[in-house]
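Q: return atomic coordinates for the entry below.
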Amino acid sequence: MELNLQRPLLFFDIESTGLNIASDCIAELSFVKVFPGGETRIKTWRFKPWDYVNQCQYPISPQASAVNGLKDEDLAGEPRFCDCVQEVLDWLQDADLAGFNSAKFDLPMLAEEIERVRLYMHMDFDIDLHSKLMVDVQNIYHYMEPRNLKAAYRFYCGGEDFENAHTAEADTVATYKVLKGQLDMYQDKLKNDVNFLAGVAGRPRTVDYAGRLYLNEEGEAVVSFGKHKGKTAREVWNTEPSYYAWIEGGDFTLDTKRQFARLKAQFQKERKEALNRPATSDELQGLRDKFSTGKLF
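A: A predicted model of the protein is given here:
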């Protein structure tokens with residue numbers, strides 16, 4: 001069915017450097033503008049993500065790159081968002097908005113980029129995204145096709161509702177039956193193996209459940225937020241060990257505090273072992289060389 005439009009409807013999607021709206025940037029932006037009568041226009045930009053404070057390219061997080069396939073070198077030669085902002089605004093003018101899960105992420109991210117240009121490039125724009133209607137197709141999908149345990153039981157377990165929904169025991173038993181139903185329905189796609197099932201849709205590479213620490217490709221824990229974002233936990237411990245005390249006393253989940261404490265204990269143990277172990281032949285030779293020249297530093 002064709003859309004019944006009184007004014008243009010602009011579908012949009014964003015690929016970004018990460019999921020932190022306050023600090024991450026748009027790397028790719030695509031518009032599909034549908035006009036009353038059915039005419040459709042499409043425009044896609046790639047941007048060099050830009051850190052306006054430090055005047056340099058903002059890096060893509062490993063997690064984001066794994067999803068969208070974009071790398072820093074792919075975007076190094078592209079224009080910045082601020083270089084194309086007027087063209088982006090021209091597309092936004094006179095249109096309402098639509099997207100998939102865009103109300104929670106894409107729209108706030110787009111608004112944040114525009115506000116950065118206002119603030120750091122001293123440009124002003126006659127546009128108010130809050131005044132536009134926003135059609136989130138995911139919301140309609142979930143409204144029409146509920147994605148809860150009751151709906152899953154009905155779908156995978158013969159079309160019947162289960163009794164005593166939202167009691168702990170009934171919900172737990174229903175979940176067990178749903179998993180068995182999924183294995184029956186998707187025998188060609190699902191392996192009846194717990195290791196496989198636990199990794200469906202990508203096993204999270206976060207160290208703590210809140211995602212304050214994640215594992216990089218080398219398996220090192222990396223800080224995902226704040227002033228040390230992108231640094232390994234080991235690097236932060238070596239340069240600012242008091243940061244771990246701040247985490248312990250801060251407003252973080254107990255699991256996050258536990259994981260930082262575990263890493264701290266690991267680094268302390270490694271340092272103690274390094275101090276107590278015998279010096280290697282190379283280290284001894286280095287000391288001899290320093291003493292022989294009369295220069296210790």
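Q: please verify my assumption that Leu19 contacts Ala64.
A: Yes: the criterion here is CB atoms under 8 Å, and Leu19 meets it with Ala64 at 7.4 Å. C-beta here means a position set from N, CA and C on the backbone, and glycine is covered the same way.
Q: look up how far Glu113 lies from Val173.
A: 48 Å (CB to CB, to the nearest Å).
Q: out of the two, which sits in the busier spot?
A: Glu113 (25 against 14; other CB atoms under 10 Å).
Q: and the gap between the more buried one and Ile14?
A: Here Glu113 is placed at a distance of 9 Å from Ile14 (CB to CB).
Q: okay, and the common contacts of these two?
A: Ile26 (CB atoms under 8 Å, 6 or more residues apart in numbering).
Q: following the helix or strand that contains Val67, which helix or strand shows up next?
A: Using DSSP states H and E, Val67 sits within helix 62-68. Where DSSP H and E defines the elements, the next helix or strand beyond helix 62-68 is helix 72-75.
Q: who's in contact with that next one?
A: Outside helix 72-75, the residues that touch it by CB under 8 Å, 6+ apart are 27, 46-49, 57, 59-60.
Q: nearest to Ala233 among those?
A: Within the contacts of helix 72-75, the smallest distance to Ala233 is 17.8 Å, found for Pro59 (CB to CB).
Q: per-domain residue ranges of this protein.
A: The chain breaks down into these domains under automatic domain parsing: 9-141, 146-198, 204-297.
Q: pick the most deeply packed of the ones you listed.
A: domain 9-141 (a mean of 16; mean count of other CB atoms under 10 Å).
Q: what is the end-to-end distance of that domain?
A: Domain 9-141 has an end-to-end distance of 18 Å (CA to CA, to the nearest Å).
Q: how far is it from where the chain is centred?
A: 15 Å (CA atoms, centre = their mean, to the nearest Å).
Q: do the same with stretch 279-287
A: The chain centroid and the centroid of stretch 279-287 are separated by 45 Å, computed with CA atoms, centre = their mean.
Q: mean confidence score for that stretch?
A: Stretch 279-287 shows a mean pLDDT of 72.
Q: with only the CA atoms kept, save that stretch in CSV.
A: The C-alpha trace of stretch 279-287 is given here as CSV (Å, rounded to 0.1, in the frame of the first residue of the first chain):
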residue,chain,number,x,y,z
ALA,A,279,67.0,-10.0,36.5
THR,A,280,67.5,-11.4,33.0
SER,A,281,70.9,-11.4,31.3
ASP,A,282,69.7,-8.6,29.0
GLU,A,283,68.6,-6.5,32.0
LEU,A,284,72.0,-7.1,33.8
GLN,A,285,73.9,-6.2,30.7
GLY,A,286,71.9,-3.0,30.4
LEU,A,287,72.8,-2.1,34.0
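Q: now the helices for the stretch 1-150 of the chain?
A: With DSSP state H, counting those that start in this stretch, the ranges of helices along the stretch 1-150 of the chain come out as 62-68, 72-75, 81-92, 106-120, 137-144, 149-156.
Q: quick one on the thing from earlier: which two of the contacts of helix 72-75 have the greatest separation?
A: Spanning the widest gap among the contacts of helix 72-75 are Arg46 and Pro59, at 15.6 Å by CB to CB.
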